[in-house]
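K.L.:
This is a predicted model, with the sequence first.
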Amino acid sequence: MLILAKKQSTIKRIISITVHFIAPICLRAQTISANHPMPVKPDTLRILAIGNSFSDDGTEYLPNLLEAAGIHNVIIARLYIGGCSLERHCKQYESKGKDYMYYKSTENKWNLKKGVTITDGIKDEAWDIITVQQASGYSGQYETIINWLPQLIGIIRKECTNPDAAIVWHQTWAYARNSNHNHFPFYDKDQDKMHAAIQDCVDRLRKDCSISTVIPTGVAIKIARGTSLNTAGKVPESCRLYDLTRDGFHLSHQHGRYIAACTWFESLITPALGISVKGNTSTILDTDYSISKKDARLCQKCAVKAVKETYFRQ
């Protein structure tokens, strides 16, 4: 009887250990497979970006483009902590940390609220689209994404008041060739290698996480770097404004951010509302960084091409 009891105890221990390891895997598979299509012609389109300074760069001029297009039924917001990774977003949720800057545009003008939690932002509106992204240095490191993205998606599904919200991935861009960012060595300080790693992560996420919509800002910036918009060949590498960045990694306030906003527009606004960024008349005159009409058209062209190339890859 004693031997039988020991065997039963051992079997129970093995079952417990097996469940301990298998359960998270099953939960992850269930979480990442849940997604919904983009909204089409909604009365009001609600977009939330959960991110960091790269989502800050990506969305800053989006209200300007919407205003120029005569669109007033889009609400945009971004939950922002500088350098925030997927892991930190999840830990902020667990700790109820009030470290987020919350920018929100309801009439194509940004308003800022400081000291909010990730839950505050997710619950603020019945978001139709919620974008997520990895911290820039880790955006080409797949394990850092897949280890935390399922958990963040689970948080979004739990807290969002719209159960049909579409989860969208924001693809970030490779650093400037002269960047001194401390994560650039992950890619041997090679811009092309970094872009390839980021693109590989996007391709894998589409398959592994049912993410059908991607904002290909990284592709758009790569395309633009091969045009007259890029002054890298005209200034010394010691210049901060290089490869469409202002410091080696954040986008330049002028063309860089404008290209990114055009890419967000073409990726999200165009499929939802049927209006392309191509031909948009905004030259961000109401900022300190206005651009020429010619450059605006070229930026738009880069964004449209990036979106087409991205979905051609599917």
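P.N.:
That came in fine, so what should we check first? Keep in mind it's a predicted model, so treat the numbers as computed, not measured.

K.L.:
what's the straight distance from one end of stretch 263-278 to the other?
P.N.:
10 Å (CA to CA, to the nearest Å).

K.L.:
ah, wrong one, I meant stretch 82-91
P.N.:
In stretch 82-91, first residue to last residue: 15 Å (CA to CA).

K.L.:
What's the mean pLDDT across it?
P.N.:
Here stretch 82-91 scores 98 as its mean pLDDT.

K.L.:
Tell me which residues are up against it.
P.N.:
Identification of contacts with stretch 82-91 by CB atoms under 8 Å, 6 or more residues apart in numbering yields 50-53, 81, 92, 97, 118, 132, 134-135, 138, 144-145, 147-149, 151-152, 155. C-beta: built from backbone N, CA, C; applies to glycine.

K.L.:
same thing with stretch 225-240?
P.N.:
Applying CB under 8 Å, 6+ apart, the contact partners of stretch 225-240 are 176-178, 224, 241-244, 246-248, 255, 259, 295, 298-299, 302.

K.L.:
Please list the outside residues in contact with stretch 105-118.
P.N.:
Everything outside stretch 105-118 that qualifies as a contact, by CB under 8 Å, 6+ apart, is 50, 60, 62-64, 66-67, 71-72, 74-77, 79, 89, 92-93, 96-104, 155.

K.L.:
Quick check: residue 52 touching residue 133?
P.N.:
Yes. Judged on CB atoms under 8 Å, residue 52 makes contact with residue 133 at a distance of 7.4 Å.

K.L.:
Comparing these two, which residue is more hemmed in?
P.N.:
With neighbours defined as other CB atoms under 10 Å, residue 52 and residue 133 compare such that residue 133 has more, 26 against 23.

K.L.:
Surely the more buried one is in contact with residue 173?
P.N.:
No. Residue 133 is beyond contact range of residue 173, at 11.0 Å (criterion: CB under 8 Å).

K.L.:
now the helices for the protein?
P.N.:
Taking DSSP state H as the criterion, the chain carries its helices at 2-32, 53-59, 62-68, 86-95, 118-124, 142-146, 149-159, 191-208, 217-224, 255-264, 270-273, 293-312.
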